[in-house]
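**Q** kindly return the folded structure for what I paste below:
(one chain, ligands or ions: 3)
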Amino acid sequence: MSNILKFGIPKGSLEDATVDLFKQAGWKVGISSRSYFPTIDDDEMNCKLIRPQEMGKYVERGTIDVGIAGRDWVRENDSDVMEVCEMVYSKVSRRPVRWVLVVAQDSKVQKPEDLHGATISTELVGFTKRYFAERNIPVTVEFSWGATEAKVVDGLCDAIVEVTETGSTIRANNLRIVCDLMESVPVLIVNKASWADPWKRAKIQQIATLLKSALAAEGMVGIKMNAPNDRVEAITKVLPSLNNPTVAHLYNSDWVSIESVLPEKEVRRIVPELISLGAEGIVEYPLSKIIQPAITD
Ligand SMILES: Nc1ncnc2c1ncn2[C@@H]1O[C@H](COP(=O)(O)OP(=O)(O)OP(=O)(O)O)[C@@H](O)[C@H]1O
Ligand SMILES: O=P(O)(O)OC[C@H]1O[C@H](OP(=O)(O)OP(=O)(O)O)[C@H](O)[C@@H]1O
Ligand SMILES: [Mg+2]
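**A** Ligands and ions are numbered 1, 2, ... in the order given. Modelled structure (predicted):
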């Protein structure tokens, strides 16, 4: 029987971003309307759509070998799984999300201690209870099924603990952040027995490496130019690079080719400098992956 890795794709906020990331990494994941079993162009993988809130449970039980979910929910459920690596992306950006303590704009609350005796609504009940208990602030924490921001606007609670990425929901509801409570990023989690299986571990390492490489290449480009030999020192001094630029001799010439990888947004700043230092034939090219060994055992 051939080997198959069962992979959980997070349904909801992280779904589209995860499918896009797989595409950049070299896998086509297809999700058709109402089906919870995405297709993938890899005979060694089977995918399932699972809510991030439940990913830890199904990975822990071995229903699936591995999955991606926000670290917030893996911690909240205290799932007995191994974290292979983290990947910094959210629904719309490449930044972590923040769990924040939020009140109505005109609330008197300025710090968590001001919520003594208050009612707080949140999806992340365990974390919120712990946060206030550790600070000896007595509060009532109520579970919210979503649309949490509306509850503090309506006065159904005194404060909420909610996740924010762009901040637009908080702004749109005229709310105010009291303080940040924690950050979260998606993590690749694996069942311990699956990690102990050499074939599965190698497959997971392959996937993790390529997903991380695709993220690492975002916003990065390659640049290449020719220059006279005596300009190499000056050019390499100003040229950003991952490690050091590559310098190769041009055939039958005392010119060299210089190559480097740098953030795309630096190119416009560096190009006039490169030209004034004698670089010619400058080309920029896109990068789809910067491959780094993502995982240690
Ligand atoms: N912009 C975002 N809003 C909410 N959660 C996000 C966002 N970006 C990333 N996440 C992560 O997604 C996970 C929550 O996923 P979930 O699908 O429950 O989001 P949701 O926005 O509540 O979805 P739904 O629209 O189904 O209510 C968490 O781990 C969270 O950290
Ligand atoms: O800071 P922002 O970029 O605005 O994103 C954060 C918002 O997105 C999610 O809401 P969702 O759309 O899931 O609605 P819900 O509250 O009904 O779950 C989350 O619960 C926040 O409300
Ligand atoms: Mg939600």
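**Q** so where is the stretch 101-250 of the chain shaky, pLDDT-wise?
**A** Nowhere does the stretch 101-250 of the chain drop to pLDDT under 70.
**Q** ok, the residue of the stretch 151-297 of the chain found nearest ligand 1 - contacts?
**A** As assessed by Cβ to the nearest ligand atom, ligand 1 sits closest to Glu165 within the stretch 151-297 of the chain, at 3.4 Å. (Each C-beta comes from the backbone N, C-alpha and C, glycine too.) Contact analysis of Glu165 by Cβ atoms under 8 Å, 6 or more residues apart in numbering lists Ser90, Lys91, Val92, Ser93, Arg95, Val97, Arg98.
**Q** beta-bridge partners for Ile160, please?
**A** Val102, Ser121 (DSSP bridges).
**Q** ok, it - contacts?
**A** Leu101, Val102, Val103, Ile120, Ser121, Thr122, Ser144, Thr148, Glu149, Lys151, Val152.
**Q** check contacts around the second one.
**A** Applying Cβ under 8 Å, 6+ apart, one finds that Val102 lies in contact with Glu149, Val152, Ala159, Ile160, Val161, Glu162, Ile170, Leu175, Arg176, Ile177, Val178.
**Q** wasn't the last one part of a helix?
**A** Going back to what we said before, that points to Val178. No: under DSSP: H, G, I helix; E, B strand; the rest coil, Val178 sits outside any helix and is assigned strand.
**Q** nearest residue to it other than its sequence neighbours?
**A** Once flanking residues are discounted, Val178 sits nearest to Leu101: 4.3 Å by Cβ to Cβ, 6 or more residues apart in numbering.
**Q** related to what we said a few turns ago, show me which of the contacts of Val102 are buried.
**A** Neighbour counting by 16 or more other Cβ atoms under 10 Å classes Glu149, Val152, Ala159, Ile160, Val161, Glu162, Ile170, Leu175, Arg176, Val178 among the contacts of Val102 as buried.
**Q** quick check on the second one: phi, psi?
**A** Dihedral angles phi and psi of Val152 (degrees, to the nearest 10) take the values phi -80, psi -30.
**Q** identify the bridge partners of Lys48.
**A** Legend: beta-bridge partners of Lys48 under DSSP bridges are Gly8.
**Q** ok, back up a step: in a markdown table: the buried ones among the contacts of Val102, plus distance to Pro272.
**A** Output for the buried ones among the contacts of Val102, formatted as a markdown table (distance: Cβ to Cβ, whole Å):
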| residue | distance to Pro272 |
| --- | --- |
| Glu149 | 47 |
| Val152 | 51 |
| Ala159 | 52 |
| Ile160 | 50 |
| Val161 | 49 |
| Glu162 | 46 |
| Ile170 | 41 |
| Leu175 | 46 |
| Arg176 | 45 |
| Val178 | 47 |
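**Q** and the contacts of Ile160, which two are furthest apart?
**A** Farthest apart among these by Cβ to Cβ are Val103 and Ser144. That separation is 14.9 Å.
**Q** how about Asp158, nearest residue that isn't a chain neighbour?
**A** Nearest to Asp158 is Ala118, by Cβ to Cβ, 6+ apart, at 3.8 Å.
**Q** ok, the one you found to Thr128 distance?
**A** Distance from Ala118 to Thr128, counting by Cβ to Cβ, to the nearest Å: 12 Å.
**Q** out of these two, which sits in the busier spot?
**A** Between Ala118 and Thr128, counted using other Cβ atoms under 10 Å, the more crowded position is Thr128 (24 against 19).
**Q** neighbouring contacts of stretch 32-50?
**A** So stretch 32-50 is contacted by 2-11, 15, 19, 22, 27-31, 58, 64, 67, 69, 203 (Cβ under 8 Å, 6+ apart).
**Q** please enumerate the strands of the stretch 51-200 of the chain.
**A** If DSSP state E, counting those that start in this stretch is used as the criterion, the strands of the stretch 51-200 of the chain fall at 66-70, 82-86, 97-104, 119-122, 140-143, 159-164, 175-184, 186-190.
**Q** can you tell which of those strands is closest to ligand 2?
**A** Across the strands of the stretch 51-200 of the chain, ligand 2 has its closest neighbour in strand 159-164 (3.7 Å, Cβ to the nearest ligand atom).
**Q** tell me the residues of the chain that contact ligand 1?
**A** Within reach of ligand 1 by Cβ under 6 Å from any ligand atom, the chain has these residues: 12-14, 52, 70, 72-73, 90-91, 97, 146, 163, 165, 184.
**Q** how about a cut-off of 8 Å?
**A** Within the chain, the positions near ligand 1 by Cβ under 8 Å from any ligand atom are 10-15, 17, 51-53, 69-73, 89-92, 97, 99, 123, 146, 163-166, 184-186.
**Q** of the residues you listed, select the buried ones using a ChimeraX command.
**A** Here is the ChimeraX selection string for the buried members of the residues of the chain next to ligand 1, based on 16+ other Cβ under 10 Å:
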select :10,11,13,14,15,17,52,53,69,70,71,72,73,89,90,97,99,123,163,164,184,185,186
